[in-house]
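**Q** sequence first, predicted model second:
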Amino acid sequence: MHAMLTSTAGTARLPESATGAPTATSEAPSLPVGVAPPPPDPFGEHLRDGMVMTGATPHRLLLLTFDDGPELRTTPTVLDTLDEYGIKAVFFVNATRFDSDSPRERAQRELLKEILRRGHFLGNHTYHHPELTDLDYEGIRSELLKNEEYIFEATGGRPVLVRPPYGAFSPRVARTLAELGYTPMLWNLSTGDTMVRSADEVASTFLRVLHRQERENGEYGGIVLMHDTHSWTVEGLPRILAGLRQRNCELAASGQELYDFADDPSVFFRYRGDTSPETVTPPTQLDPAWLEARQSVLREETRLRCGAVASRE
Ligand SMILES: [Zn+2]
């Protein structure tokens with residue numbers, strides 16, 4: 001349970017030294033629409049030595065992330081929903097779910113491979129799911145490396161992205177993760193799915209948090225925290241996606257930027273360089289040409305789907 005996380009607040013706890021972040025530079029991916037994507041990098045090897053990713057962005061670009069799995073009863077349905085919508089996500093997993101030879105855990109080990117087969121990304125969520133801020137240096141290393149080893153045994157890969165359980169983060173945790181070559185990914189949008197118990201509440205909490213982040217922080221999109229271990233999350237996900245599609249109908253009608261899903265977490269990535277390991281990424285600014293290419297495709301899809309909405313052309 002993520003009891004410590006005030007999920008409805010929608011913002012992960014961030015280190016205080018965020019002011020050390022350098023000025024944003026445009027390093028947005030420049031892949032034109034219609035060009036074949038590069039070979040998949042499901043373990044995020046290209047995301048080493050990054051600043052702390054938060055998802056802050058003034059664009060309506062979303063990345064879905066799922067923690068605490070894989071779970072045999074719920075994760076397969078999440079995978080089907082993501083396929084239906086053509087969305088790639090990041091799964092932050094705990095090896096306590098697949099490190100034994102029980103039939104259930106063997107099946108969950110297979111589920112890890114299925115996540116990869118469907119084109120998603122894997123991240124490290126520690127072995128026992130502790131608050132890393134409670135652990136000493138050796139304790140933090142052990143939680144990460146043990147989990148990594150089981151993921152490697154199951155899949156042959158070692159994730160670079162790490163999500164600290166509960167978003168519990170400190171300069172010491174940041175330094176230790178950096179030393180191990182990990183890039184931390186926090187979140188700026190949540191569904192409250194550890195607090196609520198129904199699909200309707202998951203969907204309504206997400207849409208409320210999304211709206212509030214836009215209104216109060218100028219963050220129109222970002223990294224979404226969910227848990228693929230809850231039945232209400234599994235049921236809430238299609239409602240969230242349908243809700244965003246409906247919202248796109250309205251946004252298209254008024255000529256505004258439409259909601260889009262990042263195919264790859266690198267959209268929210270910045271190299272750390274000489275800055276300290278707890279440096280937080282500046283808000284993600286997208287390359288205007290890249291953004292417009294994707295938005296024009298989305299506008300056309302939205303126009304066809306929603307019927308008579310105003311076109312900007
Ligand atoms: Zn968790």
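**A** Okay, I see it.

**Q** so what's His284 closest to, chain neighbours aside?
**A** If you look again at residue 284, you'll see it is Thr, not His. Spatial nearest neighbour of Thr284, excluding adjacent residues (Cβ to Cβ, 6 or more residues apart in numbering): Thr57 at 3.9 Å. Backbone N, C-alpha and C define where each C-beta goes, glycine included.

**Q** hang on, that neighbour in a strand?
**A** No - judged by DSSP: H, G, I helix; E, B strand; the rest coil, Thr57 forms no part of a strand; its state is coil.

**Q** next, Arg247: secondary structure please.
**A** helix.

**Q** Tyr259 is in contact with that one, correct?
**A** Yes - using Cβ atoms under 8 Å, Arg247 makes contact with Tyr259 at a distance of 6.5 Å.

**Q** now for Thr176, how many residues are close by?
**A** 22 (other Cβ atoms under 10 Å).

**Q** and it, how close does it get to the ion?
**A** Computed as Cβ to the ion, to the nearest Å, the Thr176 to the ion distance reads 18 Å.

**Q** wait, that residue sits on Asp136?
**A** No - between Thr176 and Asp136 no contact is recorded; they are 9.4 Å apart, counting by Cβ under 8 Å.

**Q** Arg245 contacts Arg305, correct?
**A** Yes - if you go by Cβ under 8 Å, Arg245 and Arg305 touch, sitting 7.1 Å apart.

**Q** quick one, which of the two is more surrounded?
**A** Shown here are Arg245 and Arg305; by other Cβ under 10 Å, Arg245 has more neighbours (16 against 13).

**Q** just the pLDDT at the more buried one, thanks.
**A** What the model reports for Arg245 is a pLDDT of 96.

**Q** cool, Ala3 as well?
**A** So Ala3 comes in at 35 (pLDDT).

**Q** do Pro40 as well
**A** 73.

**Q** list the contacts for it?
**A** Gly119 (Cβ atoms under 8 Å, 6 or more residues apart in numbering).

**Q** and if you look at the one 4 residues further on?
**A** When contacts are counted by Cβ under 8 Å, 6+ apart, Gly44 touches Phe121, Gly123, Pro159, Val160, Leu161, Thr183, Pro265.

**Q** how about the helices of this structure, start to end?
**A** For the chain, applying DSSP state H gives helices covering 75-85, 103-117, 137-155, 171-179, 199-217, 231-253, 288-306.
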